[in-house]
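1. One predicted model, sequence on top.
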Amino acid sequence: MYIENSKIKNYISVWLCLMFFIISIMIIVGGLTRLTDSGLSITEWELFSGFFPPFNQEDWNLYFDLYKEIPEFKLQNYDMTLSEFKVIFWWEWAHRFLGRLIGLGFLVPLIYFSFKVSISKLLNFYLIFFLICFQGFIGWYMVKSGLVDRIDVSHFRLSIHLLVAFFILSLIYWNYLKINRIKKIQKSINPIVPFVFLVLIFIQIAIGAFVSGMDAGKIYNSWPLMGNSYFPNDNNLQNLLEISVFSDPSLVQFIHRNLAYLIGIIYLLIFYRIYRDKIDGLYKAINILGFFIILQIILGIFTIINGAQIYIASMHQISSIFLISSCVYFLYINTKFN
């Protein structure tokens, strides 16, 4: 992607930086919305009217009455007061507000740039906007799963919602690197290696969403063992081959732990290869990637040990943003195509 007009290119760069920042904030707020069990506090999808919060007592009572109709209130929060409801409401409202802000913040500049730059050079951005719209649909599809016969949302839908968010974030960062023509190195490793590594990170994020969605981080709060053994004692190994494996909290936590170990081992092999072959153009990138892998593993351990307390679990999710970004950069500088 090459844009001749330097002024427009700078505008697009700033725009992408702002979008990256706001989407990162939304991922963090989304994580806190989940950790505070706030995601079902708004039971309707009001695309336009929902842009504004309740302004008076009548509006608050209306939202609270709607919340009282769902299983989460009837079975779990039946003694919740209006004041307590307002706390979880504001988390969900902020999450949706950021979603609307991202949609408008992406669409309006995209329309402007469409008059300044050839449409063919903006196709990637139209794809991103489509994914942003799709993300809004997935968000409501996820919330809808918790409104009928369960007290929380489907962890599968939660995982899709989080993966799409990280995919959008990755595309924005990738396009930022492209439009600024960030230098790629001459001597590199096979780009399949960092690509597979990035895919593994995305899989780990998906499993992490399962852990969060099923509150699997609140069991087996010990490390390196799960209780008194390496494998959870409420299961057996053959259950790992069952189709229901991703709906079992202890097995999901076991997979999340061991996939982290596998990612760490693969990283060390890549690190060894780069330093063995003296690919000095990759030293900085692989060291930064290693720092965030170590940080993420440490935060993951502390999250488990502390029973997924909000502040530590939130730091674990924030760290994943930096980890994904460093993986995308590592892949980018190893690719030869534009």
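-> Thanks, I have it.
2. And stretch 133-142, what's buried?
-> Residues of stretch 133-142 classed as buried: Q135, G136, I138, G139, M142 (neighbour count, 16 or more other CB atoms under 10 Å). All C-beta spots, glycine's among them, are computed from the backbone N, C-alpha and C.
3. from the chain's centre, how far out does that stretch sit?
-> 14 Å (CA atoms, centre = their mean, to the nearest Å).
4. What are the contacting residues of it?
-> Applying CB atoms under 8 Å, 6 or more residues apart in numbering, the contact partners of stretch 133-142 are 39, 45, 96, 99, 103, 153-154, 157-158, 160-161, 164-165, 168.
5. One more: stretch 294-302?
-> The contact list for stretch 294-302 (CB under 8 Å, 6+ apart) reads W223, H256, R257, A260, G264, I312, M315, H316, S319, S320, F322, L323.
6. circling back to that earlier point, among the contacts of stretch 133-142, who's most crowded?
-> Counting neighbours by other CB atoms under 10 Å, L158 comes out on top of these with 26 neighbours.
7. list the contacts for the nearest residue to that one once chain neighbours are set aside?
-> Leaving aside its chain neighbours, L158 sits nearest to G213 (4.3 Å; criterion: CB to CB, 6 or more residues apart in numbering). Contacts for G213 (CB under 8 Å, 6+ apart) come out as R34, D152, V153, S154, H155, F156, L158, S159.
8. Could you identify the least confident member of the residues you listed?
-> Minimum pLDDT across these is recorded for D152, with 85.
9. For it, the count of nearby residues, please.
-> Counted with other CB under 10 Å, D152 comes out at 18.
10. Surely it is in a helix?
-> No. With DSSP: H, G, I helix; E, B strand; the rest coil as the criterion, D152 is coil rather than part of a helix.
11. Spatially nearest residue to it (excluding sequence neighbours)?
-> Closest to D152 by CB to CB, 6+ apart is G146, at 5.4 Å.
12. Next one: the one you found, what pLDDT does it get?
-> We note a pLDDT of 83 for G146 in this prediction.
13. now do V143
-> Note for V143: predicted pLDDT of 88.
14. Tell me who's in contact with it.
-> V143 makes contact with G39, L40, I42, T43, W45, V153, according to CB under 8 Å, 6+ apart.
15. Identify the farthest-apart pair in these.
-> The span of the contacts of V143, defined through CB to CB, is set by W45 and V153 at 13.8 Å.
16. how near is E58 to E92?
-> Using CB to CB, to the nearest Å, we find E58 at a distance of 20 Å from E92.
17. and the two? which has more neighbours close in?
-> Neighbour totals were compared for E58 and E92, and E92 leads with 20 against 8 (other CB under 10 Å).
18. what's the helix or strand for the spatially most central residue of the chain?
-> The C-alpha lying nearest the average C-alpha coordinate of the chain belongs to L162 (CA atoms, centre = their mean; 4.1 Å). If you go by DSSP states H and E, L162 is part of helix 155-179.
19. Can you check the pLDDT for the residue nearest to L158?
-> 90.
20. Could you do the one 4 residues further on as well?
-> Each residue has a pLDDT score; the one for G217 is 91.
21. any idea how far F106 is from K121?
-> Per CB to CB, K121 is found 16 Å from F106.
22. the more surrounded of those two?
-> Between K121 and F106, F106 has the larger neighbour count (other CB under 10 Å), namely 24 against 16.
23. Give me the distance between the more buried one and D248.
-> For F106, the distance to D248 - CB to CB - is 38 Å.
24. likewise V153?
-> Distance from V153 to D248, by CB to CB: 18 Å.
25. same check, this time on W91
-> Taking CB to CB, one finds W91 at 28 Å from D248.
26. Outline the domain layout of this protein.
-> Domain assignment for the chain by automatic domain parsing gives 1-182, 184-338.
27. what number of residues lie near E44?
-> 11.
28. For it, list the residues it contacts.
-> G50, L66.
29. And it, its phi and psi?
-> Backbone torsions of E44, given as degrees, to the nearest 10, read phi -130, psi 150.
30. Check the one 10 residues further on too.
-> With angles defined as degrees, to the nearest 10, P54 shows backbone torsions of phi -60, psi 140.
31. Adjust the sequence numbering to begin at 308 for everything that follows.
-> In the new count, where the first residue is 308, that last one comes out as P361.
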